[in-house]
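J.: Turn this into a model:
(chains A, B, C and D, ligands or ions: 6)
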Amino acid sequence: MTIPAKIDDLTIMVAGQGGDGSLTVMNVLSELFGRRGYHLYKSRNVASRIKGGIAAAQMRASIVSRGCTGDQIDLVVAFDQEAVTNVGPDLPPDAVVVFDSSDKPLDRSTLADTIRVIEIPFGRYAVRDLRRDLFKNSMSFGVISQLMNVDQDEAEDCLRQTLRRLPERVLLPNIDSFVDGRKFAMDDAIAAGGYPWHLERVTREKHLMINGNDAVAFGFMAAGGRFFAGYPITPATEIMEWLQKHLPAKGGVAMQAEDELAAVNIALGAAMTGVRTMTATSSPGFSLMAEGIGHAGSAEIPLVIANSQRAGPSTGMPTKPEQSDIDMMIHGGNGEYPRVVLAPGNPGDGFIIGAAATNLAQRIQGPVIIALDQAVAQDARSVTPFDLEAVEPDDAARLTEEDLAAMETYRRYELNPSGVSPWAVPGTKGGMNLVTGNERNEWGLVTTVPAKRREMMDKRAAKIEHVRADLPRGVTGGDPAARIGIVGCGMQSGVIAETAERLNAAGTAVRYLQIRTLWPVLEETADFIRGCDHVYVVEQNSEGQLMHLLNGHGAFGNLRSLKKYDGVPFRCADLVQHIINGEAKAVQGDAA
Amino acid sequence: MTIPAKIDDLTIMVAGQGGDGSLTVMNVLSELFGRRGYHLYKSRNVASRIKGGIAAAQMRASIVSRGCTGDQIDLVVAFDQEAVTNVGPDLPPDAVVVFDSSDKPLDRSTLADTIRVIEIPFGRYAVRDLRRDLFKNSMSFGVISQLMNVDQDEAEDCLRQTLRRLPERVLLPNIDSFVDGRKFAMDDAIAAGGYPWHLERVTREKHLMINGNDAVAFGFMAAGGRFFAGYPITPATEIMEWLQKHLPAKGGVAMQAEDELAAVNIALGAAMTGVRTMTATSSPGFSLMAEGIGHAGSAEIPLVIANSQRAGPSTGMPTKPEQSDIDMMIHGGNGEYPRVVLAPGNPGDGFIIGAAATNLAQRIQGPVIIALDQAVAQDARSVTPFDLEAVEPDDAARLTEEDLAAMETYRRYELNPSGVSPWAVPGTKGGMNLVTGNERNEWGLVTTVPAKRREMMDKRAAKIEHVRADLPRGVTGGDPAARIGIVGCGMQSGVIAETAERLNAAGTAVRYLQIRTLWPVLEETADFIRGCDHVYVVEQNSEGQLMHLLNGHGAFGNLRSLKKYDGVPFRCADLVQHIINGEAKAVQGDAA
Amino acid sequence: MTITFTPSHPIWCAGCGHFGVKNAIVNALATINQPAHETMVLAGIGCSGTIQNNIDSYGYHALHGRVLPTALGVKLANPELMVIAAGGDGDGYAIGAGHLMHTFKRNPSIVYVLMNNGVYGLTKGQRSPTAQQIDPTTERNIDGISLGLSIPGASFLARAYSGAADQLNAVMVAALEHAAAGRGFAFVEVMSPCVTYNDTYAEWSGKVHDVTTADGYDPSDRIAAFSSVYTLAEQGKIPTGLIYQSDAPAYESAWKKPGLAGPARLDVSPAGNRTHYADIMEKYAF
Amino acid sequence: MTITFTPSHPIWCAGCGHFGVKNAIVNALATINQPAHETMVLAGIGCSGTIQNNIDSYGYHALHGRVLPTALGVKLANPELMVIAAGGDGDGYAIGAGHLMHTFKRNPSIVYVLMNNGVYGLTKGQRSPTAQQIDPTTERNIDGISLGLSIPGASFLARAYSGAADQLNAVMVAALEHAAAGRGFAFVEVMSPCVTYNDTYAEWSGKVHDVTTADGYDPSDRIAAFSSVYTLAEQGKIPTGLIYQSDAPAYESAWKKPGLAGPARLDVSPAGNRTHYADIMEKYAF
Ligand SMILES: Cc1ncc(C[n+]2csc(CCOP(=O)(O)OP(=O)(O)O)c2C)c(N)n1
Ligand SMILES: Cc1ncc(C[n+]2csc(CCOP(=O)(O)OP(=O)(O)O)c2C)c(N)n1
Ligand code: SF4
Ligand code: SF4
Ligand SMILES: [Mg+2]
Ligand SMILES: [Mg+2]
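T.: Numbers count the residues shown, from 1 in each chain, chains lettered A, B, ... in the order given. Ligands and ions are numbered 1, 2, ... in the order given. The predicted structure is shown next:
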């Protein structure tokens, strides 16, 4: 019997045919790992259909907080042969597979011999046809909790907590299944090979378990956001649903429009009244909103737009992550108008950026885009609690009736060095004004006089300079003296940080920059790049959009592109390898 | 009495309050200059409203063919004080102003003393209230033809030709007005100061007088285009109207949809049947089409999209030229898909590119965008006749029933090195297939398998390489050995060519490149830039989009941006000055 | 008094029907004593889409076809405002058709004045969805009133003619009153000839027919309204008047929270909200 | 025979109403002997929007809400094809509402099968425009048949229930025949329950009511149809059957040029066309 490994970093996958509730074992595992003080990173991998098709959930539990899933899957719980076949070749030699052998025994052909397989005919144990999926889940949790050497009371408590909303008559047989699972594991697996793992008990401060969509919605609300209009679309819908749940209680509105064109225009109308307003969508919906977002830029209406990017082009792969709308978010929509594009790197950052975007939109009286990707948007992870005290709604250049009474004239589009004109919202006595997306004079009346046009274009552009100093700064890390850099944003944030950690540990000195303000390109970004001999730009797309953007805006020549566009995030191990290989070549190159 | 100047390059402006037919004098002048063998460049400058507001037409008549209007206006015909006041400060000292003094005499305060003014109370002469505008026009043509020393018979003939569709009872009083105008000019102006000009008689080959919108539509039709769906929008509507006039006679369809979303999707549906299909719009409409265009790229449907750009952002200035959608055309729409963006530099080029785009769309089975700007789209000029023989519809990878019968399997999205899959259109026996904008396997069935996804992305990207060698090459000119370059596209084409001519004549050696394929960025473009010490990038926008594009895609560091964004095209004189100043600074810089 | 923008002079062609529409709106606002600063006029894009520049109120120039969603956003965010949307037949029945349906369905208390001239004026004369016949097809024209009648929720459907000021004024006042009373969406289609591209004064003067003059006409009877609109249209007439009015619930009222102002006027200060946020955060504790 | 794609097995949840719809389409195609290669099935996005994968024909997956314009493009370009558009209630009544109106108006000879389940299935259960009541508002639900009745041009309006195969089959065959005969737009709304997010089988089974069984029901009487649909809805019933059919002219026929094939099959070779182009060019001679 081998000595069980202490768990400091474990990745678990549960896979089966899709359908609601089929993967609730992950929730019980969260509960357990959470109590033990682990950090978690959870992701789901589903086909864009309701039932049927492989669905899988992954969870990485680690003692150090991590921003991505692990390199390899240590434990697979599979209710389906297909999942094991697919994932088999990628498993490490000491992996454990728990398999539902109700239908037939596992075909081990894609598995290395060293892998430990525990076959359980869940069907035989969980025959009750009521909530069958749930029984499977409870039983497999029983197995896992046993494999990790967790005692029955604690494990049962976790199960009860997770299933607390169930009626007793459903709960009890689940507990039975759980006990059966533990017993099975003990008799069949542990007896034969010992405990593979031993779960630690560590201490960490209280954290939150949340995904990026929810966190961005929360940040928006905390910064005074009280109006939302959207339209369902994967993987952005949670933002709408979160706000539908939380805004009305505070007198706000969160409505589902008839389409994205309505959504963005309803939002524009609301925003004009002064209420802090957001809309959210995913890639194809963002394409449809292009005209409306440009209108916010032209007519000078504050609006936050969240784009939870999916893999494109067109409908693409709705449930897969990609960062292939960077160009569109920065350059989409006709003509030229000031905009800010921010990219949070994790849910904690999502809260901060959700709040910052809300204030920035007011301060530039224009569109601020939050660039999420499916991974940041939907992967849930443990993060430190949000700093609610740090959020203060910023009233910017709003005029009251009293302010107006003291003014001789009031022009909506007054020219001034900041580019931001004082603003009287409808309903304010004495502040009547015209808002338009045509070129106009200070009064808001349409004009094409060339000199006025230039002034108005310059005025709008100036607004970005006005807030530049306050735009979210990037996160840097690694060896500050390193000559090799790594740059990325969004879903790459956790990956590049961990990659840098490993590379530095392995003797290749690197530093990294997680960009949080994608547009405008900040001086700090150019500085970082200039400060390195060369920089790896890591992104989830095929064209190297971030790299071209940086090249086009001041960073010339020393960028190397690391791209992935198959719907699967980079693994740290691969990035480490890429960069070590790249450097080896560079050294060879130098020698030649 | 001074000796009249021979006209080799003259710019005329007619201005008044807007309204239909108020500026028909320009048409008579075209007729006259055309008969005398001049080349013409005509532009209109109107407010986006039907009547009222200053409207002006400009015409440059030159012995050498020119691609832009003149630096200065030599002759102003004004029915309105405002026009003279506006344009006054920019007139050269020897300009002539013909003014309608019916209401009150001309306020000359913005005019230099040297300018010759001919005031005619048109009201007194053209009192008949029937078609009053027309009488004004006929009379002012009488004045001008006299000023240019054209004899009455020839001038009258031109007028009759232009007004040939009018009934005799309207025509005759117009002829009278014309004669009155000649008499007035003779008595009042010529008697006092002599003929200011003398119209030449030169020979040139037969030309066409056409604008870019019409020419693009024609090129599309000549390459076999038989389906169009669009929606009215300034300044693109002429494309729809041209095709509505010409396609039905050949069995084609040119329909007005309910909006741009319908237009692009109707077009997608039609294109899927195999008919060569186009849609056209202007900037805000292009924003709305972003999703549909991406679908053409993803689902692999051949489609030509013309974008006659207006000044943005949002509704912007509908009747003013700008090149501020470059970024959007290249990067708009979610995700990444192959596309080609072509920019004709004049109507002759419009025909060629209209045809080339139609064939290229078939060859890449995807979207090909024609980037016009309001100036190329709506300015009419004389161009050499189109080479109809050179246009041959290209059938690309189309499969017939017979082809299919000989195949064992048929997959719509078959993988092959060209990236272009053989294509059976609906109705073809044995060719049933699935078309989708989701990621898919070769059969067209949705998939998210990572390896398949990569193959499909690579396949689509390969299509651009497949046609790269056949993409329209740029036009170069100037001194091939020069170290200073000028780059531009579209409406800049005529301006940069003439600027280069003048700079070279003045001793500053320059060469220029008119880019015709904006995307992908061609190697020849990078070569041109690398071959120069520095390159001026001339564009009609505020952000320097073309310059950033070139920087981002291989041309690093030696670009200088010359931008204009006030709705008024660059004048050659200004560009010449800019570049001379720029070079002077550069020399100073070198010395320091 | 602060000088704000002065309503500018309309830029329409002399004789354009849109003048009458503007006058009727100005007149109705005065009749119901609506304060200018509590009024917002939003217009689409088209010749019709410049009307907001000519009325003393807050004004907004919407995107083409999007005036209704924008107006809805304004109303929901600040229900105290009188919100008037205006636009052309291209704007409302072509590119904006889907939004019109959904506005009928939701029934927010806004006024919508659709200026129908059977043509795209601003883009110089293309056919609109109400053009009598679209060449080379036989496409029939949309009837906004019938459309409204087909959608549950529609609460005020009227048509008037720019060439008949009295009826137009009366209908416009009724529309503003409907919205001001929070009774829902007041739809007024005004037949407003385009003298430049589709001069229909002569034709329409002979065709307009006030349905409400019929003996016993009951504007709350949806089926009867449908029947009379359909029958008159078949006879080549243009039915006018306040054709249908009902008591469907208004959309904005469903969002109203007792004791709380509309979203635009809520207190969002940290003082009044942070505890609430902390409670939400607690639900994510881990 | 060349092997082309094999219709795949539907991916819907067991019990989903969409199975019945698919069967009815397959059955109707067989009934009218429609050759597979001359048929094109286009679907929107949604659970409903995968139906084209399960039918032996040319198939297309449209953008969300755009299935009707796309289908129109196909039909105009190649009028010889049988064109069947399909999609959900979100696809057709929400994002696609404007196109639906304009398709009724134009009346092209295509079949449109709208699978109404009162919910957004694929995006997991949000309310659709036909949801009975949208919280927290009192928004009423859209009725596609009434909508069609309100638009001149509409020529075939039917509703069936996925739980009643016989009527569904009959209606589907009639729809395909209407389109095949070039009589215009055949609109079939199928009540198709979503067992996962809005299981309405029990409720709908009790509510569906075949209007055409009424004595003397005349499907060509538009006013009567409107009246009976409206009245039944007020009674909480769901009217079904071939509710309205008329002889409005079909859109594609207006574009047809005698002696010439549809656009997709025209001769565009230089030989047959260059003289014509030269004539056009001559008009620009200068
Ligand atoms: C997205 C978009 N598409 C097209 C246009 C061009 N456009 C401006 S006004 C208009 C239609 C005007 O017709 P209507 O709404 O009937 O108003 P009218 O001018 O007749 O009053 C169009 C198509 C535009 N501004 N934006
Ligand atoms: C432009 C765009 N917006 C939103 C979506 C997301 N989306 C996919 S299906 C769907 C609605 C599905 O509902 P329905 O049409 O009723 O079909 P069902 O699934 O109920 O059959 C939505 C909103 C999308 N794919 N594209
Ligand atoms: S073009 Fe027609 S609609 Fe426009 S202002 Fe003139 S008359 Fe009115
Ligand atoms: S979620 Fe609903 S609509 Fe979608 S397949 Fe399942 S039952 Fe059918
Ligand atoms: Mg109109
Ligand atoms: Mg549905």
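J.: Flag the shaky bits of chain C, pLDDT-wise.
T.: Applying pLDDT under 70 to chain C flags the ranges C:133-138.
J.: rerun that using 80 as the cut-off
T.: For chain C, the stretches flagged by pLDDT under 80 are C:1, C:132-139.
J.: Check the stretch 101-250 of chain A too.
T.: The model of the stretch 101-250 of chain A has pLDDT under 80 over residues A:122-134, A:189, A:192.
J.: one more time with 70
T.: A:125-133.
J.: So which bits of it are right by ligand 5?
T.: Applying Cβ under 5 Å from the ion, we find that the stretch 101-250 of chain A lies next to ligand 5 at no residue. In this view, the C-beta of every residue, glycine as well, is placed from N, C-alpha and C.
J.: Could you find the residue in the stretch 101-250 of chain A that comes nearest to ligand 3?
T.: Relative to ligand 3, the nearest point of the stretch 101-250 of chain A is residue A:229 (31.6 Å; Cβ to the nearest ligand atom).
J.: got the contact list for that residue?
T.: Residues in contact with residue A:229 (Cβ atoms under 8 Å, 6 or more residues apart in numbering or on different chains) are A:253-257, A:262-264, A:266-267, A:270, A:277, A:279, C:73.
J.: Check those residues against ligand 5 and report the nearest one.
T.: Nearest to ligand 5 out of these is residue A:262 (Cβ to the ion; 21.8 Å).
J.: Leaving out chain neighbours, which residue sits closest to the residue of the stretch 51-200 of chain C at minimum distance from chain A?
T.: Going by Cβ to the nearest Cβ, chain A is nearest to residue C:73 of the stretch 51-200 of chain C, at 2.5 Å. In space, residue C:73 comes closest to residue A:269 once its chain neighbours are excluded; the distance is 2.5 Å by Cβ to Cβ, 6 or more residues apart in numbering or on different chains.
J.: For the one you found, give me its contacts.
T.: Residue A:269 makes contact with C:42, C:60, C:69-75, C:77, according to Cβ under 8 Å, 6+ apart.
J.: Going along the chain from the helix or strand hosting it, find the next helix or strand for me.
T.: Here residue A:269, judged by DSSP states H and E, is contained in helix A:260-272. As assigned by DSSP H and E, the chain's next helix or strand after helix A:260-272 is strand A:276-281.
J.: I'd like the distance between the most centrally placed residue in chain A and residue A:200.
T.: Nearest to the mean C-alpha position of chain A, by Cα atoms, centre = their mean, lies residue A:376 at 1.1 Å. For residue A:376, the distance to residue A:200 (Cβ to Cβ, to the nearest Å) stands at 28 Å.
J.: Kindly report the same for residue A:462.
T.: With distances taken as Cβ to Cβ, residue A:462 is found 55 Å from residue A:200.
J.: Likewise for residue C:226?
T.: Distance, residue C:226 to residue A:200, using Cβ to Cβ: 73 Å.
J.: out of the two, which sits in the busier spot?
T.: Taking other Cβ atoms under 10 Å in any protein chain shown, residue C:226 and residue A:200 do not tie; residue C:226 has more neighbours (25 against 15).
J.: so the more buried one is in which element?
T.: Assigned by DSSP H and E, residue C:226 belongs to helix C:222-234.
J.: which outside residues touch that helix?
T.: With Cβ under 8 Å, 6+ apart as the test, helix C:222-234 has contacts from C:143, C:145-146, C:149-150, C:157, C:209, C:211, C:214, C:217-219, C:238-239, C:243-244, C:246, D:150, D:152, D:222-223, D:226-227, D:230-231.
J.: tell me the angle of the helix or strand just after it relative to helix C:222-234?
T.: Downstream of helix C:222-234, the first helix or strand assigned by DSSP H and E is strand C:238-245. Strand C:238-245 runs at 170 degrees relative to helix C:222-234, counting by axes from the mean of the first three to the mean of the last three Cα atoms, to 10 degrees.
J.: Export the following helix or strand past strand C:238-245 to PDB, keeping only CA atoms.
T.: Following strand C:238-245 in sequence order, the next helix or strand is helix C:251-255 (DSSP H and E). Presented in PDB, the C-alpha positions along helix C:251-255 are these (Å, rounded to 0.1, in the frame of the first residue of the first chain):
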ATOM      1  CA  TYR C 251     -45.200  48.900 -19.200                       C
ATOM      2  CA  GLU C 252     -43.400  51.400 -17.000                       C
ATOM      3  CA  SER C 253     -45.900  50.900 -14.100                       C
ATOM      4  CA  ALA C 254     -44.900  47.300 -13.800                       C
ATOM      5  CA  TRP C 255     -41.300  48.300 -12.900                       C
END
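J.: Pop out the phi and psi values for the closest residue to residue C:152 other than its chain neighbours.
T.: Nearest non-adjacent residue to residue C:152, counting by Cβ to Cβ, 6+ apart: residue D:140, 3.6 Å away. Note on residue D:140: its backbone torsions stand at phi -90, psi 160 [degrees, to the nearest 10].
J.: gap between residue D:140 and ligand 2?
T.: For residue D:140, the distance to ligand 2 (Cβ to the nearest ligand atom, to the nearest Å) stands at 18 Å.
J.: I figured that residue hits residue C:155, correct?
T.: No. In this structure, residue D:140 is not within contact of residue C:155 by Cβ atoms under 8 Å, at 10.6 Å.
J.: near chain C, which residues of the stretch 401-550 of chain A show up?
T.: Residues of the stretch 401-550 of chain A that fall close to chain C, judged by Cβ under 8 Å from any Cβ of the partner chain: A:404-405, A:407-412, A:425-438, A:443-446.
J.: In strands only, show me the residues you listed.
T.: Of those, the ones assigned to strands by DSSP state E are A:434-435.
J.: so where do the helices sit in the stretch 1-150 of chain C?
T.: Assignment of helices within the stretch 1-150 of chain C using DSSP state H, counting those that start in this stretch yields the ranges C:18-31, C:67-77, C:89, C:97-106, C:144-149.
J.: In CSV, list the C-alpha atoms belonging to the last one.
T.: In other words, helix C:144-149. What follows is helix C:144-149, C-alpha atoms only, in CSV (Å, rounded to 0.1, in the frame of the first residue of the first chain):
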residue,chain,number,x,y,z
GLY,C,144,-50.1,50.7,-39.0
ILE,C,145,-53.5,50.8,-37.3
SER,C,146,-54.4,47.2,-38.3
LEU,C,147,-51.0,46.2,-37.1
GLY,C,148,-51.6,47.7,-33.8
LEU,C,149,-55.0,46.1,-33.6
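J.: what sits against whatever residue of the stretch 151-286 of chain C ends up closest to ligand 1?
T.: As assessed by Cβ to the nearest ligand atom, ligand 1 sits closest to residue C:194 within the stretch 151-286 of chain C, at 5.9 Å. Going by Cβ under 8 Å, 6+ apart, residue C:194 touches C:16-17, C:47, C:117-119, C:121, C:200.
J.: one step back: nearest to ligand 5 among the contacts of residue A:269?
T.: Distance to ligand 5 across those (Cβ to the ion) is lowest for residue C:42, with 17.0 Å.
J.: Next up, the contacts around the closest one.
T.: If you count contacts by Cβ under 8 Å, 6+ apart, residue C:42 has them with A:269, C:52, C:59-62, C:67, C:70-71, C:74, C:83-86.
J.: Can I get these in TSV including distance to residue C:131?
T.: What follows is those, written out as TSV (distance: Cβ to Cβ, whole Å):
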residue	distance to residue C:131
A:269	30
C:52	25
C:59	29
C:60	28
C:61	25
C:62	23
C:67	21
C:70	26
C:71	26
C:74	31
C:83	29
C:84	26
C:85	22
C:86	20
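J.: so residue C:205 makes contact with residue C:191?
T.: No. Using Cβ under 8 Å, residue C:205 makes no contact with residue C:191, being 9.8 Å away.
J.: Looking at these two, which one has more neighbours?
T.: Per other Cβ under 10 Å, whichever of residue C:205 and residue C:191 has more neighbours is residue C:191, with 29 against 13.
J.: before we move on, back to that, mind picking the one among the contacts of residue A:229 that's closest to chain D?
T.: Chain D has its nearest neighbour among these in residue A:256, at 6.1 Å by Cβ to the nearest Cβ.
J.: That closest one and ligand 2, how far apart?
T.: To ligand 2, residue A:256 is 10 Å away according to Cβ to the nearest ligand atom.
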